[in-house]
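Asker: what follows is a predicted protein model with its sequence.
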Protein chains: 2
Amino acid sequence: MSIKIAIDAMGGDYAPEELVKGAIDAAREYKVAIQLVGKVDKIKEELNKYNNVNKLDIEIIKANSIIEMDESPGSAIRRKKDASIVVTVDQVAKGNAQGLVAAGSTGAAMAASLFGLGRLPGIDRPAIAAVLPTTDKPAVLIDAGANSSCNPKMLYQFAIMGSIFSSAIMGIKNPRVGVLNIGGESGKGNLLTQNAYKLLSKQTDQYKFVGNIEGRELFAGDCDVVVCDGFVGNVTLKVAEGVARMVIKKLKDELSNSILTKLGAFIAKKAFMNLKKNSDYEEYGGALLLGIKGVCVIAHGGSHANAVKNAVRVAKEAIEKDMNGKISEMYELNKI
Amino acid sequence: MSIKIAIDAMGGDYAPEELVKGAIDAAREYKVAIQLVGKVDKIKEELNKYNNVNKLDIEIIKANSIIEMDESPGSAIRRKKDASIVVTVDQVAKGNAQGLVAAGSTGAAMAASLFGLGRLPGIDRPAIAAVLPTTDKPAVLIDAGANSSCNPKMLYQFAIMGSIFSSAIMGIKNPRVGVLNIGGESGKGNLLTQNAYKLLSKQTDQYKFVGNIEGRELFAGDCDVVVCDGFVGNVTLKVAEGVARMVIKKLKDELSNSILTKLGAFIAKKAFMNLKKNSDYEEYGGALLLGIKGVCVIAHGGSHANAVKNAVRVAKEAIEKDMNGKISEMYELNKI
């Protein structure tokens, strides 16, 4: 039986069009079964735009309401039992699907998953693992925004979850794990990073602790997994996005300044496109919410079909590699 | 009488060579008097490399020891009374110089300034104001690393100091001030940012509160001053540096991939150089430590002569514009 992924077809800036298109592409490319959750008419209308869709294993699951970006996630998921994200999570909770993809409100996806699926044993708080481009191999940043306040034990759990992600999904053996900090020495940073440093330096077999990591080293590829609280992690993601955009815009402006450099800009166009492809969140397909009983991929709100397709791939891999089983096993062995 | 700036000639990766060269350039270009603090022989040796230096108002002040990067700042400044940074600060404390420039250990420069000069009335903790490039005008980030834990009142004081910096040094009228956060709505973020939001929204005449600012908007130029705790601020600075380097390296690699793009790379070279010039910390000349009784510019450890020269310019402007007087005045009017 093939793996089945439930997709909240109503979540995200380009829902349902791009969600449906991405789902079709994923069903074709990865041979997965898909559940599209949302307003039946709208999803049907989108599906009808494509040929040979009836040969694919795509099912529509009715959900009549939507949780908007500005709603308070906790109360919204309790109030709107028929919201697309709630029904999507419910499909996984009931065992009708093995994983889910959500591109709508991140808060709502987290709340619905935590409420509907529960936490893995031993994990205090689920966390978002995001993939960052570096000059070397991509690195995993955890927590990328689920918990804006953390304690050192949570960062230790993030290290365990992140290193399983790094080895299972990204193929890194004994990933190098670091604490995102503002200096290299063990005493640097705030109370959280100082104490997390101590906890993480308890060696496990699964990862190699490389100490504190600063932003410069992180993007030079000096570690495979970096742990931090969700506030700092989310700031890091968004600063990275902002700086990358700024640098590219400034370069393009510089290149358009003269006829000679206009030629350069023309030639550089392919380079910019390749850079975009290599650094783009669309290619990584979204971030995994780790620590819950189930597989939940949180895609960017601005996901187009390609990002949705890749998010399905990430969910499929997490299921095939039994990430959650591995996390529980490793946590049991390294309990603190 | 011209403004006199004391420079720790022994601090930084390229001390004393680049410090002395930068000092000479600054004395020539900005008509300031300079005190070079450190080992007399070494400084003399450097000065002797240049012509017509005796026409400049440059004085050598003896200081026989150096605080190394790995020393604990607090104990080092107490123990080494003859350290170059301690003597440099002392020149300002005694009124022999009006401001100082330090490129060595940031911790030591902060500790020596706080200990030797004291805080401005009403300011709980001094903070570092760094200038960030954006796609629009440069923005001020405060605190860039002096205080790794902060309370909301400190962020309010940073807003006042940052807005004075923005108007006095960068010429922005009614600067737009935001809180660095992980979402736009007032309830977003951690306890610190939630409460800082409430405090900052008390309107003052000196700045326009624009609410929460995320990394993407910050680098798009959507505010003039962004406040945060020193941990988040320092992470932001270093992530920005890491990402800028990564993007530029990836683009250069892409551009060297074929003969056609090699031509593009050649043409793009000037663009890269202009970008570097426009985004470089060397051009901004370092960050001001605000909130102390005196002017202290903290230059990057890797400062070359140009950065040192610009750091002197920043110190001179802060003195001429009476930044500290303005901070005290504004704080008095907007006490909380």
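Answerer: Nice, I can see it.
Asker: tell me how many other residues crowd the closest residue to chain B within the stretch 1-150 of chain A.
Answerer: At 4.2 Å from chain B, residue A:148 is the closest residue in the stretch 1-150 of chain A, using Cβ to the nearest Cβ. C-beta here means a position set from N, CA and C on the backbone, and glycine is covered the same way. Residues lying near residue A:148 (other Cβ atoms under 10 Å in any protein chain shown) number 22.
Asker: before we move on, what about residue A:115?
Answerer: Count around residue A:115 with other Cβ under 10 Å applied: 16.
Asker: packing partners for the helix or strand where it lies?
Answerer: Here residue A:115, judged by DSSP states H and E, is contained in helix A:106-117. Secondary-structure packing of helix A:106-117 (3 or more Cβ pairs under 8 Å, 6 or more residues apart in numbering or on different chains; DSSP states H and E): helix A:73-79, helix A:84-93, strand A:99-102, strand A:287-290, strand A:295-298.
Asker: residue A:97 reaches residue A:2, doesn't it?
Answerer: No. Assessed by Cβ atoms under 8 Å, residue A:97 is found out of contact with residue A:2, at 11.3 Å.
Asker: look at these two and report which has more neighbours.
Answerer: residue A:97 (28 against 13).
Asker: phi first, then psi, for the residue lying closest to that one once chain neighbours are set aside.
Answerer: Closest residue in space to residue A:97, ignoring its immediate chain neighbours: residue A:6 at 3.9 Å, by Cβ to Cβ, 6 or more residues apart in numbering or on different chains. The phi/psi pair for residue A:6 (degrees, to the nearest 10) reads phi -90, psi 130.
Asker: okay, and the beta partners of residue A:6?
Answerer: Beta bridges link residue A:6 to residue A:35, residue A:100, judged by DSSP bridges.
Asker: let me see the contact set for it.
Answerer: A:34-35, A:37, A:61, A:88, A:91-92, A:96-97, A:99-101 (Cβ atoms under 8 Å, 6 or more residues apart in numbering or on different chains).
Asker: can you give me the helices in chain A?
Answerer: A:17-30, A:40-47, A:73-79, A:84-93, A:106-117, A:152-168, A:191-200, A:215-219, A:230-255, A:259-279, A:281-284, A:305-320, A:323-333 (DSSP state H).
Asker: okay, the angle between the longest one and helix B:191-200?
Answerer: Helix A:230-255 and helix B:191-200 are oriented at 70 degrees to each other (axes from the mean of the first three to the mean of the last three Cα atoms, to 10 degrees).
Asker: does any part of helix A:230-255 sit near chain B?
Answerer: Yes. Counting by Cβ under 8 Å from any Cβ of the partner chain, chain B is contacted by helix A:230-255 at A:230-232, A:234-251, A:254-255.
Asker: tell me how far the residue nearest the centre of chain A lies from residue A:159.
Answerer: By Cα atoms, centre = their mean, chain A has its centre lying nearest to residue A:287, at 0.3 Å. Counting by Cβ to Cβ, to the nearest Å, the gap from residue A:287 to residue A:159 is 17 Å.
Asker: show me the domain layout of chain A.
Answerer: Recorded structural domains for chain A (assignment: automatic domain parsing) are A:1-123+A:291-323, A:125-280.
Asker: can you give me the pLDDT of residue A:294?
Answerer: pLDDT, residue A:294: 95.
Asker: test my guess that it contacts residue A:117.
Answerer: Yes. In this structure, residue A:294 is within contact of residue A:117 by Cβ under 8 Å, at 4.1 Å.
Asker: returning to that earlier point: restrict the residues of helix A:230-255 next to chain B to the buried ones and give me that as a ChimeraX selection.
Answerer: To isolate the buried ones among those in ChimeraX, judged by 16 or more other Cβ atoms under 10 Å in any protein chain shown, type:
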select /A:230,231,232,234,235,236,237,238,239,240,241,242,243,244,245,246,247,248,250,251,254,255
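Asker: rewinding a little: tell me, what's touching residue A:294 and residue A:117 both at once?
Answerer: Taking Cβ under 8 Å, 6+ apart as the contact rule, residue A:294 and residue A:117 both touch A:89, A:92-93.
Asker: and which of those is nearest to residue B:111?
Answerer: residue A:89 (51.6 Å; Cβ to Cβ).
Asker: which pLDDT value belongs to that closest one?
Answerer: 98.
Asker: could you find the closest non-adjacent residue to it?
Answerer: Closest residue to residue A:89 apart from its sequence neighbours, by Cβ to Cβ, 6+ apart: residue A:116 at 4.0 Å.
Asker: that neighbour: what's it in contact with?
Answerer: Counting by Cβ under 8 Å, 6+ apart, residue A:116 touches A:86, A:89-90, A:92-93.
Asker: how about 10 Å then?
Answerer: The contact partners of residue A:116, by Cβ atoms under 10 Å, 6 or more residues apart in numbering or on different chains, come to A:77, A:85-94, A:100, A:292-294, A:296.
Asker: and if you look at residue A:210?
Answerer: With Cβ under 10 Å, 6+ apart, residue A:210 has these contacts: A:175-179, A:200, A:217, A:222-226.
Asker: surely the residue nearest to the centre of chain A touches residue A:130?
Answerer: Yes. Using Cβ atoms under 10 Å, residue A:287 is in contact with residue A:130, at 4.1 Å.
Asker: kindly report the residues of the stretch 51-200 of chain A close to chain B.
Answerer: A:69-70, A:72, A:106-107, A:132-136, A:144-145, A:147-150, A:180-185, A:187-194 (Cβ under 10 Å from any Cβ of the partner chain).
Asker: can you tell me the distance between the two ends of stretch A:64-83?
Answerer: The first residue of stretch A:64-83 is 6 Å away from its last residue (Cα to Cα, to the nearest Å).
Asker: buried set for it?
Answerer: A:65-67, A:69, A:71, A:73, A:76-77, A:80, A:83.
Asker: give me the lowest-pLDDT entry from those residues.
Answerer: Within the buried residues of stretch A:64-83, pLDDT reaches its minimum at residue A:69, with 83.
Asker: how about the nearest residue to that one, chain neighbours excluded?
Answerer: residue A:105 (5.2 Å).
Asker: same check on residue A:186?
Answerer: With sequence-adjacent residues excluded and distances taken as Cβ to Cβ, 6+ apart, residue A:186 is closest to residue A:197, at 5.3 Å.
Asker: again, but for residue A:103
Answerer: residue A:12 is the one closest to residue A:103 (Cβ to Cβ, 6+ apart), at 3.2 Å.
Asker: hang on, isn't that neighbour packed against residue A:38?
Answerer: No. Assessed by Cβ under 10 Å, residue A:12 is found out of contact with residue A:38, at 11.0 Å.
Asker: shared neighbours of the two, which are they?
Answerer: Overlap between the contact sets of residue A:12 and residue A:38, as judged by Cβ under 10 Å, 6+ apart, is given by residue A:19.
Asker: those two: which has the busier surroundings?
Answerer: Counted by other Cβ under 10 Å, residue A:12 and residue A:38 do not tie: residue A:38 has more neighbours, with 29 against 26.
Asker: isn't the more buried one right up against residue A:64?
Answerer: Yes. Contact status for residue A:38 versus residue A:64: in contact at 8.6 Å, counting by Cβ under 10 Å.
Asker: which residues do these two both contact?
Answerer: Counting by Cβ under 10 Å, 6+ apart, the residues touching both residue A:38 and residue A:64 are A:10, A:83-84, A:87.
Asker: and those residues as JSON lines, adding distance to residue A:315?
Answerer: Formatted as JSON lines, the shared contacts of residue A:38 and residue A:64 follow (distance: Cβ to Cβ, whole Å):
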{"residue": "A:10", "distance to residue A:315": "18"}
{"residue": "A:83", "distance to residue A:315": "20"}
{"residue": "A:84", "distance to residue A:315": "17"}
{"residue": "A:87", "distance to residue A:315": "17"}
